[in-house]
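Asks: I need the structure of the sequence given here:
(one chain, ligands or ions: 1)
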Amino acid sequence: MTIRFTKMHGLGNDFVVIDGRRDSIALDAGTVRAIADRRTGVGCDQLIQLADHPQAGSIAMRIFNADGSEVSACGNATRCVPVLLGHDVTVVTAAGPLVAKLSDGGAAVDMGVPDFTWDRIPLAYAMDTGSLPVGWEMLENPVALSVGNPHLVFFVDDIDAVPLDRLGPQIEQDPLFPERINVNVASVTDRRDVRMRTWERGAGLTRACGTGACATFAAGRRRGLLDDTVRLTLPGGDLMLAETDGRLLMTGAAVRVFDGTLSGDFHA
Ligand SMILES: N[C@H](CCC[C@H](N)C(=O)O)C(=O)O
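Replies: Numbers count the residues shown, from 1 in each chain. The predicted model follows:
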């Protein structure tokens with residue numbers, strides 16, 4: 001089997017993108033893990049598979065984390081799609097259609113309306129999602145929400161003082177989160193500037209998480225901490241987030257790195 005792919009990234013959150021309209025490949029968890037492996041495979045945080053969509057001007061996108069799990073949203077990858085295609089496009093994932101428009105050096109994506117409803121995040125039982133009465137060491141009372149995928153947002157004084165490599169997986173796997181969860185820590189510098197880091201469900205510490213930035217912005221808005229236009233600084237760079245009529249507009253870089261081919265069979 002020979003599969004063509006394109007390596008891309010959004011602020012260092014990197015992807016192997018396979019255009020299923022050219023090369024068909026059945027992506028089971030083992031094959032995804034083999035391709036995503038940074039020692040023995042190509043290496044990526046997520047594997048992205050594009051496919052035809054019946055709606056004019058749309059393209060379907062499947063998202064697989066490096067651990068092989070398939071998920072419903074990926075903000076940074078959504079910005080990569082118009083850059084790869086060279087034109088604006090509606091990207092349809094399991095979470096729904098997202099309008100993605102080319103913007104200098106990347107793209108702007110309407111990420112829709114955040115959902116704070118406990119059983120749609122989901123949580124294992126009803127809670128005040130604006131401030132969960134839970135904690136893991138110095139991380140307490142997070143906001144829980146879905147932006148097409150589940151996120152927890154902890155506001156802290158110093159994100160660099162948080163042992164996210166240790167607490168991230170503990171929280172990700174907690175039984176309170178039946179589908180696991182992405183874990184974000186954020187420090188609000190002022191009402192228009194936030195610094196953040198993310199432990200991603202199924203991928204671990206990444207240089208950036210687009211949906212994490214959206215979730216952090218929406219959580220900060222809910223807590224009354226942020227204005228309606230904010231710069232979020234992630235380890236890999238900055239994203240601009242704006243809220244209009246309750247919808248989240250995310251703008252940031254997306255880069256095409258190289259094209260390659262995969263050949264042979266995957267013994268994962
Ligand atoms: N790890 C995430 C998917 C990728 C999200 C991130 N790469 C982004 O840019 O939004 C999840 O399991 O929901």
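Asks: Find the residue closest to residue 186 in space, skipping its chain neighbours.
Replies: Leaving out its chain neighbours, the residue that sits closest to residue 186 by CB to CB, 6 or more residues apart in numbering is residue 196, at 4.2 Å. (Each C-beta comes from the backbone N, C-alpha and C, glycine too.)
Asks: what number of residues lie near the one you found?
Replies: 27 (other CB atoms under 10 Å).
Asks: Who are the packing partners of the helix or strand where it lies?
Replies: Element membership for residue 196, per DSSP states H and E: strand 193-200. Other helices and strands packing on strand 193-200, by 3 or more CB pairs under 8 Å, 6 or more residues apart in numbering; DSSP states H and E, are helix 164-172, strand 182-190, strand 204-205, helix 210-222, strand 229-234.
Asks: how close does the residue nearest to residue 186 sit to residue 58?
Replies: Distance of residue 196 to residue 58, computed by CB to CB, to the nearest Å: 30 Å.
Asks: residues from the stretch 51-200 of the chain in reach of the ligand?
Replies: The stretch 51-200 of the chain has residues 65, 71, 74-76, 149, 182, 200 near the ligand, with proximity defined as CB under 6 Å from any ligand atom.
Asks: now with 5 Å?
Replies: Selection of the stretch 51-200 of the chain residues close to the ligand by CB under 5 Å from any ligand atom yields 71, 74-76, 149, 200.
Asks: Most neighbours among those, which one?
Replies: Greatest neighbour count in those, by other CB under 10 Å, goes to residue 76: 34 neighbours.
Asks: does it sit in a helix, a strand or a coil?
Replies: helix (DSSP: H, G, I helix; E, B strand; the rest coil).
Asks: residue contacts, it?
Replies: Residues in contact with residue 76 (CB atoms under 8 Å, 6 or more residues apart in numbering) are 9-11, 13, 15, 208-210, 252, 254.
Asks: Same check on residue 164?
Replies: Going by CB under 8 Å, 6+ apart, the list of residues near residue 164 reads 183, 185, 197, 199, 205.
Asks: Just list the residues touching residue 243, thanks.
Replies: Taking CB under 8 Å, 6+ apart, we find residue 243 in contact with 217-218, 221, 228-229, 249.
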